[in-house]
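[1] pasting the structure only:
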């Protein structure tokens, strides 16, 4: 709770300074999340559905990547549960909160088990955050979206009954809207995972920890970096130029991928503070802009890969009730009508 309160206070200072609308910045600001969403969509490989690469879809994901921040203020339990999805506080050894917590590689299968383990260790679940689970949950949801889209598209193309064909078409269009929304939500959490402060106990100044390098303890550090500074220096062309190529290895384990990705971001925390101490975030210093665009590029590339992996995994899914295999519907050997419409 202290983490969120400090971020909110720092955000207020930035909001006043730049005369922006009165919203709380607790992740990448609007600029950062938009750029991550747009860059990821523009980089999708050609084997993904064409509707994802239209200018409208790209722009929609850029806007929808802001959604989890725009949900804030609904009340409890909504806010407490969702606000803590934006981060995971790791110590300098990569353990959740401190030596009592687990590493990312040791995360339990379920979030409820994670909560229970932290509580048993005497750690506050709300202070720790649960970003890895938010990412994995969103990926699994997107894979379901794609599986249904595959079935609807194949069924629409083969259906000879005009009423059924019209229903498939309408449901496919509904699913496409859901896919863009769910990519945006997943993109928000994946984007949060590229911001150093969202993976560290040093989330808003170095904090009350040993500080031999005398890093800043300013409680405006987090919000100024991801909001005011990022909005000034982030550029889509720079983000796209800095995006790494997709990995060549086959297979995608979202749990292992989340652990590796968030661990890599944790490795940028000390470099961030060293750069801040050296004046790298001064207005005329190019080092700060390069750091921001590299971090946004890491988020965009990761989002590109998570979307791609969800699409490819959906080809071997089974969905609906009665259960139908996606591959069989796409091959024309199964009729999905009852599975899609529902058998009461």
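    Yep, that arrived. Every value quoted in this text rests on a predicted model; they were computed, and no experiment measured them. Numbering: from 1, shown residues only.
[2] make it CA atoms for all contacts and neighbour counts henceforth
    OK.
[3] In the host helix or strand of residue 308, which residues are buried?
    Element membership for residue 308 (DSSP states H and E) is helix 286-314. Neighbour-count burial for helix 286-314 flags 287-314 (criterion: 16 or more other CA atoms under 10 Å).
[4] again, but for stretch 324-344
    324, 325, 326, 327, 328, 329, 330, 335, 336, 337, 340.
[5] cool, and stretch 54-74?
    Buried residues in stretch 54-74, counted by 16+ other CA under 10 Å: 57-69.
[6] Looking at those, spot the one nearest residue 234.
    Ranked by distance to residue 234 (CA to CA), the buried residues of stretch 54-74 are led by residue 62 at 14.3 Å.
[7] In the chain, where is pLDDT below threshold?
    By pLDDT under 70, the low-scoring segments of the chain are 1-27.
[8] let's see it at 50
    Residue ranges of the chain with pLDDT under 50: 1-2, 4-26.
[9] can you map out the strands along it?
    318-319, 324-325 (DSSP state E).
[10] Would you reformat those as TSV and include distance to residue 122?
    Shown next, in TSV, are the strands of the chain (distance: least, CA to CA, whole Å):
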stretch	distance to residue 122
strand 318-319	40
strand 324-325	45
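[11] Mind checking those strands for the one nearest to residue 251?
    Ranking the strands of the chain by proximity to residue 251 (CA to CA) places strand 318-319 first, at 18.3 Å.
[12] That closest one - contacts with which helices or strands?
    helix 131-158, strand 324-325 (3 or more CA pairs under 8 Å, 6 or more residues apart in numbering; DSSP states H and E).
[13] quick one: buried residues of the first one?
    Read that as helix 131-158. For helix 131-158, using 16+ other CA under 10 Å, the buried residues are 131-136, 138-139, 142-156.
[14] again with stretch 273-290
    Residues of stretch 273-290 classed as buried under the neighbour-count rule (16+ other CA under 10 Å) are 273, 274, 275, 276, 280, 281, 287, 288, 289, 290.
[15] Dump these to a markdown table, plus distance to residue 186.
    Shown next, in a markdown table, are the buried residues of stretch 273-290 (distance: CA to CA, whole Å):
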| residue | distance to residue 186 |
| --- | --- |
| 273 | 28 |
| 274 | 30 |
| 275 | 29 |
| 276 | 29 |
| 280 | 31 |
| 281 | 29 |
| 287 | 29 |
| 288 | 27 |
| 289 | 25 |
| 290 | 25 |
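[16] Return the closest of those with respect to residue 250.
    residue 290 (30.8 Å).
[17] Could you check how far that closest one is from residue 235?
    10 Å (CA to CA, to the nearest Å).
[18] same deal with residue 288?
    13 Å.
[19] Likewise for residue 275?
    20 Å.
[20] can you check residue 40 too?
    In terms of CA to CA, residue 40 sits 14 Å off from residue 235.
[21] What of residue 180?
    To residue 235, residue 180 is 23 Å away according to CA to CA.
[22] Any idea how many residues pack against the residue nearest to residue 63 when sequence neighbours are not counted?
    Nearest residue to residue 63 in three dimensions, chain neighbours excluded: residue 34, at 6.0 Å (CA to CA, 6 or more residues apart in numbering). For residue 34, the count of nearby residues is 25 (other CA atoms under 10 Å).
[23] gap between the nearest residue to residue 286 once chain neighbours are set aside and residue 311?
    Sequence neighbours aside, residue 280 is the residue nearest to residue 286 in space, at 7.3 Å (criterion: CA to CA, 6+ apart). Counting by CA to CA, the separation of residue 280 from residue 311 is 40 Å.
[24] Equivalent analysis for residue 254, please.
    Per CA to CA, residue 254 is found 13 Å from residue 311.
[25] cool, and residue 45?
    11 Å.
[26] With residue 125 instead?
    32 Å.
[27] again, but for residue 199
    Taking CA to CA, one finds residue 199 at 27 Å from residue 311.
[28] next one: residue 197
    Distance, residue 197 to residue 311, by CA to CA: 30 Å.
[29] same question, residue 154
    Distance, residue 154 to residue 311, using CA to CA: 15 Å.
[30] Perfect, that will be all.
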